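Engineer: Fold the following for me, if possible:
(chains A and B)
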Number of protein chains: 2
Amino acid sequence: MNVAAYLKKKSKQIEKALDSILSAKGAVPQSLAHAMRYAIFAGGKRVRPILVLAACEAVGGDEKKVLPAACAIELIHNYSLVHDDLPCMDDDDLRRGKPTCHVKFGEATALLAGDALLTLAFEVMSGTKLEAVKLLAQAVGGSGMVGGQQVDIDFQGKNKDLPTVQYINTHKTGDLIAVSFRLGAYLGGGTSSQTKPIYEAGKCAGLLFQIVDDILDKEGYASVIGMHEAKIQAQRLRERAKNHLKPLGHKAVALSNIIDFIADRDY
Amino acid sequence: MNVAAYLKKKSKQIEKALDSILSAKGAVPQSLAHAMRYAIFAGGKRVRPILVLAACEAVGGDEKKVLPAACAIELIHNYSLVHDDLPCMDDDDLRRGKPTCHVKFGEATALLAGDALLTLAFEVMSGTKLEAVKLLAQAVGGSGMVGGQQVDIDFQGKNKDLPTVQYINTHKTGDLIAVSFRLGAYLGGGTSSQTKPIYEAGKCAGLLFQIVDDILDKEGYASVIGMHEAKIQAQRLRERAKNHLKPLGHKAVALSNIIDFIADRDY
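Structural biologist: Below is the predicted model:
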């Protein structure tokens, strides 16, 4: 399979579904609706929701059953970027080459757009299963993604030791990617002998994603353990992730190829 | 019944449940956990979660079934206060006579504590029903509470006409109170002939709550339609709310008394 073509096709499918979710929210005040749309359609690669679809494929599941969770995860990813970019956090003016949400719409509207996107994610999740609502909330809350952001903030401008960097990578970036694998497999109807290795692969892929980021930016993990060691770690994580998927056979080929795509990206 | 004693008893029960929810989140970084606790235990009256319990009582339901939703609603109420107090929003230094969350912990931590409380609310809701997750998300998202906050921000420092003030009151304050009635009745196992009038009573009570606030602060609704007219409106809403509850008989006495408490409060 051609992974670029797969990603392009699935990305269009996700964007269509996101568009229909945002369009359905008719009663949202216009200023807020614009900011929410701007945050969602700012040109992301949709890696996380595509991982949900690919994990569903890996268990032979019906894509329709996981599409809401895929969209919810993308809504959450983008809410976290909007809040992360705010002046009191990373204070970024540009994201993907465009003005960040608060630069375009003001801080208050960006804050509220983030809140509304997070809430919308759970509204969308109400179309899945209670267990999936729980798994997602745990992955992105105070002991997950938001916890990782907190420790990142706590150590801003300070030297981080390895356990701290590992905590940040595991939670700030890793948990959302890992839960993408997990929900795709779970909501796709996977047996526990399928969902467990897929979730394990997802944990490796989440760490891999952040280490590759750090290698490209020459910071975080790469600056603590050194560039050479970071590249070795990345290679190990890629292999571990793909090994977890082996028992799933050919159905996991897309998921496995996306792991390679994450490992090999150079931007 | 003595409404003050009822509120005190139920408030303790809610605080015990909130404490156990926050204590269970062991893996939350300490700085974040402190800010979350501070926001939740800053001395609120717990009116909304108590309304959930009283609405459950009004349908003869089992309180245990609605306690998670009651706590989730209080988590959401407090997240919204933390975000509302931020410098880019209302920029308040004090709440209930104490430093606001961002004054105490810094803006970034307050932002993340709000995000974590909102997410925790949905984690808690995963212990109820999918329909309840949906109703709550709709009430507090972009077409609900957050939408009301957005319009409030859009018109900050501008003259508001009556429809605008009504929109803000309905959504910013009213939706969370209305959904408290609704979820208490629904998760308490109420029939639709019970839940419908309770939800209608909740909509009236939500508007009543905000109008009483406006009368006490001499602003908002009271400043647009005049103090005299605002008091007449408040009286009408109180009567309408209580009329909706009449068919439910004596089981709704606590709910009805809390509506009087809301109407009569002078702080």
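Engineer: First-to-last residue distance for stretch A:89-108?
Structural biologist: One end of stretch A:89-108 to the other measures 14 Å (Cα to Cα, to the nearest Å).
Engineer: Report the buried residues of that stretch.
Structural biologist: Of all the residues in stretch A:89-108, those buried under the rule 16 or more other Cβ atoms under 10 Å in any protein chain shown are A:89-90, A:95, A:100-103, A:105-108. The C-beta positions use only the backbone N, C-alpha and C, and glycine is treated the same way.
Engineer: Which ones, among the residues you listed, also lie beside chain B?
Structural biologist: Applying Cβ under 8 Å from any Cβ of the partner chain to the buried residues of stretch A:89-108, one finds that A:89, A:106-108 fall near chain B.
Engineer: Out of those residues, flag the one nearest to residue A:239.
Structural biologist: residue A:89 (34.3 Å; Cβ to Cβ).
Engineer: Which pLDDT value belongs to the closest residue to residue A:123 other than its chain neighbours?
Structural biologist: Nearest residue to residue A:123 in three dimensions, chain neighbours excluded: residue B:137, at 3.5 Å (Cβ to Cβ, 6 or more residues apart in numbering or on different chains). Confidence at residue B:137, expressed as pLDDT, is 98.
Engineer: ditto for residue A:224
Structural biologist: So residue A:224 comes in at 86 (pLDDT).
Engineer: Just give the number of residues close to residue A:62.
Structural biologist: 12 (other Cβ atoms under 10 Å in any protein chain shown).
Engineer: actually residue A:193, sorry about that
Structural biologist: Applying other Cβ under 10 Å, we find 9 residues neighbouring residue A:193.
Engineer: list the helices and strands whichever helix or strand it is part of packs on?
Structural biologist: If you go by DSSP states H and E, residue A:193 is part of helix A:192-217. Judged by 3 or more Cβ pairs under 8 Å, 6 or more residues apart in numbering or on different chains; DSSP states H and E, the packing partners of helix A:192-217 are helix A:47-58, helix A:175-187, helix A:221-225, helix A:227-245, helix A:253-264.
Engineer: closest one to residue B:156 among these?
Structural biologist: When the helices and strands packed on helix A:192-217 are compared by Cβ to Cβ, helix A:175-187 sits nearest residue B:156, at 33.6 Å.
Engineer: Mind giving me the packing neighbours of the closest one?
Structural biologist: Where contact means 3+ Cβ pairs under 8 Å, 6+ apart, helix A:175-187 is packed against helix A:47-58, helix A:63-85, helix A:130-140, helix A:145-154, helix A:192-217.
Engineer: Of the ones you listed, flag the one that's most buried.
Structural biologist: With neighbours defined as mean count of other Cβ atoms under 10 Å in any protein chain shown, those peak in mean count at helix A:47-58, which reaches a mean of 28.
Engineer: angle of that helix against helix A:192-217?
Structural biologist: 150 degrees (axes from the mean of the first three to the mean of the last three Cα atoms, to 10 degrees).
Engineer: between helix A:47-58 and helix A:63-85, how big is the angle?
Structural biologist: Going by the same axes, to 10 degrees, helix A:47-58 makes 160 degrees with helix A:63-85.
Engineer: sorry, back to before: so which of the ones next to chain B among the buried residues of stretch A:89-108 sit within helices?
Structural biologist: A:107-108 (DSSP state H).
Engineer: got the angle for the helix holding residue A:193 vs helix A:227-245?
Structural biologist: Orientation check (the same axes, to 10 degrees): helix A:192-217 against helix A:227-245 gives 160 degrees.
Engineer: how far does helix A:192-217 sit from the chain's center?
Structural biologist: Chain-centre distance of helix A:192-217: 11 Å, with Cα atoms, centre = their mean, to the nearest Å.
Engineer: got the ones next to chain B among the buried residues of stretch A:89-108 as a markdown table, with pLDDT and distance to residue B:124 columns?
Structural biologist: Output for those, formatted as a markdown table (pLDDT from 0 to 100; distance: Cβ to Cβ, whole Å):
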| residue | pLDDT | distance to residue B:124 |
| --- | --- | --- |
| A:89 | 96 | 26 |
| A:106 | 98 | 32 |
| A:107 | 98 | 29 |
| A:108 | 98 | 27 |
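Engineer: From the ones next to chain B among the buried residues of stretch A:89-108, pick the one nearest chain B.
Structural biologist: Within those, distances to chain B taken as Cβ to the nearest Cβ reach their minimum at residue A:107, with 3.6 Å.
Engineer: which non-adjacent residue is nearest the closest one?
Structural biologist: Spatial nearest neighbour of residue A:107, chain neighbours left out: residue B:88 (3.6 Å); criterion: Cβ to Cβ, 6+ apart.
Engineer: burial count for the one you found?
Structural biologist: By other Cβ under 10 Å, 20 other residues sit near residue B:88.
Engineer: before we move on, what about residue A:155?
Structural biologist: Counted with other Cβ under 10 Å, the neighbours of residue A:155 add up to 15.
Engineer: which ones are touching it?
Structural biologist: A:164, A:168 (Cβ atoms under 8 Å, 6 or more residues apart in numbering or on different chains).
Engineer: Over to the one 10 residues further on?
Structural biologist: With contacts defined as Cβ under 8 Å, 6+ apart, the neighbours of residue A:165 are A:220-221, A:224.
Engineer: Most neighbours out of these, which is it?
Structural biologist: Using other Cβ under 10 Å as the neighbour test, these are led by residue A:221, with 25 neighbours.
Engineer: Would you confirm that that residue contacts residue A:169?
Structural biologist: Yes - using Cβ atoms under 8 Å, residue A:221 makes contact with residue A:169 at a distance of 6.3 Å.
Engineer: residue ranges with poor pLDDT in the stretch 151-267 of chain A?
Structural biologist: Confidence mapping of the stretch 151-267 of chain A against pLDDT under 70 gives the ranges A:267.
Engineer: Repeat the analysis, applying 80 as the threshold.
Structural biologist: A:219-220, A:266-267 (pLDDT under 80).
Engineer: Closest residue of it to chain B?
Structural biologist: At 4.7 Å from chain B, residue A:153 is the closest residue in the stretch 151-267 of chain A, using Cβ to the nearest Cβ.
Engineer: Contacts only, for that residue.
Structural biologist: Contact analysis of residue A:153 by Cβ under 8 Å, 6+ apart lists A:89, B:108-109, B:112.
Engineer: 6 Å instead, please
Structural biologist: residue B:108 (Cβ atoms under 6 Å, 6 or more residues apart in numbering or on different chains).
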